[in-house]
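Q: structure for this input, please:
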Amino acid sequence: MGSYLGIFSILALCLLGYSANAEVFNAGGPPNSDITAAVLKAFTSACQAPAPSQVLIPKGDFKLGETVMTGPCKAPVEFTLQGNVKADGGSTQGKDRWVVFEKINGFKLNGGGTFDGEGNAAWKANNCHKTFECKKLPISVRFDFVDNADIRDITSLDAKNFHFNVISGKNMTFDNIKIIAPAESPNTDGIHLGRCEGVKILNTKIATGDDCISVGDGMKNLLIEKVVCGPGHGISVGSLGRYGWEQDVTDIKVMNCTLEGTDNGLRIKTWPSAACTTTAAGIHFENIILNNVSNPVLIDQEYCPWNQCNKNKPSTIKLVDISFRNIRGTSGNKDAVKLLCSKGHPCENVEIGDMNIEYKGADGPPTFECTNVTPKLVGTQNPKACVGPVVKVPGKE
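A: Numbering: from 1, shown residues only. Model prediction:
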């Protein structure tokens with residue numbers, strides 16, 4: 001095992017440690033000019049270079065149209081955004097992408113710059129916060145089939161749709177990312193992931209109008225740590241089960257995060273009358289601070305927005321090995337904890353560790369509700385937990 005890890009570490013360093021001697025392809029232009037052609041030209045040159053190379057957008061404000069950068073590349077590529085690139089300010093309905101990185105192995109995105117999606121006009125044209133008829137709008141930055149990647153020190157501002165969409169990647173790290181959009185901006189998930197393995201989201205601040213982070217099907221080995229979320233809809237696993245081709249979700253860890261004023265907190269959501277039978281297992285939330293968070297802890301296996309499903313048919317998504325440990329702070333409503341599991345597949349091995357969620361509203365003290373689950377209780381719980389076996393922590397009364 002030691003030899004294997006050593007080889008893997010050397011490979012990762014070779015793929016990602018290539019800034020010092022990289023050839024630089026400049027993709028700038030006059031202030032406020034359209035640099036779409038320059039970026040595509042620079043990326044093509046970098047991708048075809050036989051040695052590690054760098055695409056550089058220097059400081060300044062620039063316009064950028066739809067830009068799709070496709071590998072495979074001959075050597076690792078670093079994309080350094082120091083300036084601010086702005087999308088078309090119109091609603092641009094009918095398009096689903098703005099900036100795309102795809103099929104690249106060995107990739108860096110950094111530089112301290114900003115992707116400005118100019119979303120205000122698009123939000124006004126989109127009413128998917130009121131109906132499921134969401135209009136097709138561009139995702140700001142997509143990573144499709146990108147492996148061995150390091151994305152850091154980047155801001156996404158006012159995305160028309162999702163800020164970042166990450167699909168089918170391996171060994172990716174997001175560090176010190178800033179995501180900003182108004183609380184009322186519809187369908188602006190901060191980071192959406194699906195069918196990836198070995199992703200880390202670290203030291204990141206997300207303020208947006210939908211889920212700060214949403215975890216789709218097929219995710220394996222995801223770490224979310226030191227993320228500050230709010231406003232937004234919290235950190236969600238799911239929704240799962242809407243489509244027949246979905247895959248299992250395994251090994252999701254959310255640790256040392258803070259949620260501030262979000263509409264939901266820590267959430268797992270699956271569809272009733274699901275189109276598939278899959279398992280979501282090994283999902284752990286630990287050391288979470290809540291500040292006026294509505295629905296702070298929620299398992300919802302009756303997730304059915306706009307009544308698009310048959311709630312009389314229980315969810316066929318199995319939830320196994322779930323834990324909430326050391327969750328503390330304040331709730332924005334009395335529904336502090338709701339574990340609403342499927343009557344067709346009751347949740348298995350759910351652990352509630354030390355928990356202290358306070359609520360001072362006029363409608364009464366916070367509540368803890370369980371359906372089709374008997375959680376294992378460890379330590380102390382406030383509010384008082386639903387009935388289940390209690391496990392005493394050594395050294396505590």
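
Q: after the helix or strand bottoming out on mean pLDDT in the chain, which helix or strand is next?
A: Ranking every helix and strand in the chain by mean pLDDT, DSSP states H and E puts helix 2-16 at the bottom, with a mean of 41. Counting by DSSP states H and E, the element after helix 2-16 in chain order, helix or strand, is strand 23-26.

Q: may I have the helix or strand following that next one as PDB, with CA atoms only?
A: Next helix or strand after strand 23-26 toward the C-terminus (DSSP H and E): helix 36-48. C-alpha atoms of helix 36-48 as PDB (Å, rounded to 0.1, in the frame of the first residue of the first chain):
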ATOM      1  CA  THR A  36     -13.700  35.100 -26.600                       C
ATOM      2  CA  ALA A  37     -11.600  34.400 -29.700                       C
ATOM      3  CA  ALA A  38      -8.400  35.200 -27.800                       C
ATOM      4  CA  VAL A  39      -9.300  32.800 -25.000                       C
ATOM      5  CA  LEU A  40     -10.100  30.000 -27.400                       C
ATOM      6  CA  LYS A  41      -6.900  30.500 -29.300                       C
ATOM      7  CA  ALA A  42      -4.800  30.600 -26.200                       C
ATOM      8  CA  PHE A  43      -6.400  27.500 -24.800                       C
ATOM      9  CA  THR A  44      -6.000  25.600 -28.000                       C
ATOM     10  CA  SER A  45      -2.300  26.500 -28.100                       C
ATOM     11  CA  ALA A  46      -1.800  25.500 -24.500                       C
ATOM     12  CA  CYS A  47      -3.700  22.300 -24.900                       C
ATOM     13  CA  GLN A  48      -1.500  21.300 -27.900                       C
END
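
Q: from the contact counts, what lies against helix 36-48?
A: Judged by 3 or more C-beta pairs under 8 Å, 6 or more residues apart in numbering; DSSP states H and E, the packing partners of helix 36-48 are strand 23-26, strand 53-57, strand 67-70, strand 77-81. Bear in mind the C-beta positions are built from the backbone N, C-alpha and C, glycine included.

Q: how far is the last one from where the chain is centred?
A: This means strand 77-81. Here the centre of strand 77-81 is set off from its chain's centre by 22 Å, with C-alpha atoms, centre = their mean, to the nearest Å.

Q: contacts for it?
A: The contact list for strand 77-81, computed with C-beta atoms under 8 Å, 6 or more residues apart in numbering, reads 18-19, 22, 43, 46-47, 52-57, 69, 71, 101, 104, 106-115, 154.

Q: out of the helices and strands packed on helix 36-48, which is closest to Asp217?
A: Closest of these to Asp217 is strand 67-70, at 24.5 Å (criterion: C-beta to C-beta).

Q: can you pull the buried residues of the closest one?
A: Thr67, Met69 (16 or more other C-beta atoms under 10 Å).

Q: next one: stretch 135-154
A: Within stretch 135-154, the residues that count as buried by 16+ other C-beta under 10 Å are 135, 137-154.

Q: so what strands line up beside the helix or strand hosting Glu286?
A: For Glu286, the element it lies in under DSSP H and E is strand 279-293. Strand pairing for strand 279-293, determined by DSSP bridges: strand 249-260 (parallel), strand 318-331 (parallel).

Q: using JSON lines, lay out these together with mean neighbour count, distance to Leu222 and mean pLDDT.
A: Below are the strands paired with strand 279-293 laid out as JSON lines (neighbours: other C-beta atoms under 10 Å; distance: least, C-beta to C-beta, whole Å; pLDDT from 0 to 100):
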{"stretch": "strand 249-260", "mean neighbour count": "20", "distance to Leu222": "5", "mean pLDDT": "98"}
{"stretch": "strand 318-331", "mean neighbour count": "20", "distance to Leu222": "14", "mean pLDDT": "98"}
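
Q: for Asn161, which of the ones you listed is the nearest?
A: Proximity to Asn161 (C-beta to C-beta) singles out strand 249-260 among the strands paired with strand 279-293, at 22.6 Å.

Q: between the next helix or strand after the closest one and strand 279-293, how many degrees?
A: Using DSSP H and E, the helix or strand that follows strand 249-260 in sequence is strand 266-270. Interaxial angle, strand 266-270 versus strand 279-293 (axes from the mean of the first three to the mean of the last three C-alpha atoms, to 10 degrees): 140 degrees.

Q: count the neighbours of Gly94 for me.
A: Gly94 has 9 neighbouring residues, counting by other C-beta atoms under 10 Å.

Q: what's the answer for the one 5 residues further on, then?
A: Close neighbours of Val99, defined as other C-beta under 10 Å, add up to 26.

Q: point out where the protein drops to low pLDDT.
A: Residues of the chain meeting the criterion pLDDT under 70: 1-20, 127-133, 387-397.

Q: other SSEs contacting the helix or strand Lys338 falls within?
A: For Lys338, the host element (DSSP H and E) is strand 335-340. For strand 335-340, the packing partners by 3+ C-beta pairs under 8 Å, 6+ apart come out as strand 297-300, strand 355-358, strand 367-371.

Q: hang on, Asn203 packs against Lys226?
A: Yes - using C-beta atoms under 8 Å, Asn203 makes contact with Lys226 at a distance of 4.9 Å.
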